[in-house]
Structure formats: C-alpha cells, structure tokens
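1. any chance you could fold what I've pasted below:
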Amino acid sequence: MAGFTHVTVGTNDLARARAFYDEVLATLGWSRVADLGDNGSIWGEGKPSFFALKPANGRPATVGNGVTVSFEAPDRAAVKAFHAIALALGSPDEGAVGPRGWAPNAFAAYTRDPDGNKLAVYSFTPE
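-> Below you'll find the predicted structure:
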C-alpha cells in the first residue's frame with residue numbers, strides 16, 4: 001500500500017518555525033527528531049514525518065494557495081490544545097475547533113504557521 005513518507009513546508013524564519021512547531025506538534029506527541037543545520041528541521045513520532053525547510057533554490061518560501069497540511073490528533077483534547085497553542089503563539093483562527101460533517105466523528109481546527117502555511121488538525125475519535 002502506497003502512502004506518504006513526509007510533508008514539507010517552506011520557511012523564511014527557521015528559528016520562529018522551530019519554536020512554533022516544537023510547541024504545536026508536542027500536543028500530538030511529536031518532537032523534533034533532527035535539525036538540518038541552518039536549512040531546516042524535522043518532526044515526528046519516532047520517525048521523520050514533517051519538515052520545515054528553507055527553499056533549496058535560495059528564493060523566499062511562499063504559501064501554496066489551496067494547500068493545507070492536516071495533522072492527525074489522538075483525541076479531541078489534542079485538537080483543542082494544538083489550536084489553542086497556535087493562537088497563543090499569534091497564529092490566526094482559520095477554522096474554529098469543532099465537528100466537521102464530512103466524516104463520522106470528524107473534529108478539527110484550522111490555523112496558519114508563522115510563514116502563512118495553512119494547517120489543520122483532525123481527530124476521528126468519538127466524544
């Protein structure tokens with residue numbers, strides 16, 4: 001069965017991205033698993049899953065219109081914690097915490113990282 005090995009977003013401020021993702025991804029049980037010097041960092045739960053990198057071509061990182069990176073939360077409390085920490089760090093509310101009707105038990109929230117990349121966090125656990 002094919003799947004994804006990881007997702008990468010670009011950053012123009014690596015220190016800020018590291019501080020942001022260290023906190024919000026901790027709510028999902030993830031930690032920083034590697035730093036790539038001044039080029040980026042990698043987070044995951046025991047294995048590399050999510051990268052924040054400076055673009056390899058040397059140009060500024062930009063946001064993809066219509067692109068959303070969605071993280072799976074272990075439960076609804078983690079969805080709430082992820083979103084609350086993101087907002088406390090200055091990120092915007094791009095979709096309040098709550099149920100999403102497109103799937104059974106879908107419970108989610110949306111925000112953006114410091115570089116403007118759209119993020120979602122979902123749990124499919126019952127209340």
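2. Thr5 belongs to a helix, doesn't it?
-> No: applying DSSP: H, G, I helix; E, B strand; the rest coil, one finds Thr5 to be coil, outside a helix.
3. quick one: residues contacting it.
-> Pro48 (CB atoms under 8 Å, 6 or more residues apart in numbering). Quick note: C-beta positions are derived from backbone N, CA and C, even for glycine.
4. that one and Val97, how far apart?
-> 29 Å (CB to CB, to the nearest Å).
5. and stretch 51-68, how far from the chain's centre?
-> 14 Å (CA atoms, centre = their mean, to the nearest Å).
6. quick one: what helix or strand has Gly95 in it?
-> strand 93-99 (DSSP states H and E).
7. what angle do the helix or strand just after that strand and strand 93-99 make?
-> Scanning forward in sequence from strand 93-99 by DSSP H and E, the next helix or strand is strand 107-112. Strand 107-112 and strand 93-99 are oriented at 170 degrees to each other (axes from the mean of the first three to the mean of the last three CA atoms, to 10 degrees).
8. elements contacting strand 107-112?
-> For strand 107-112, the packing partners by 3 or more CB pairs under 8 Å, 6 or more residues apart in numbering; DSSP states H and E come out as helix 76-88, strand 93-99, strand 118-123.
9. need the contact partners of the last one.
-> Applying CB under 8 Å, 6+ apart, the contact partners of strand 118-123 are 24, 28, 63, 67-76, 78-79, 82-83, 86, 94-95, 100, 105-113.
10. what of stretch 69-88?
-> By CB under 8 Å, 6+ apart, the surrounding residues in contact with stretch 69-88 are 7, 9, 20, 23-25, 27-29, 50, 93, 97, 107-109, 111, 113, 117-123, 125, 127.
11. out of those, which are buried?
-> In the contacts of stretch 69-88, burial by neighbour count holds for 9, 20, 24-25, 27-28, 50, 97, 107-109, 111, 113, 117-123, counting by 16 or more other CB atoms under 10 Å.
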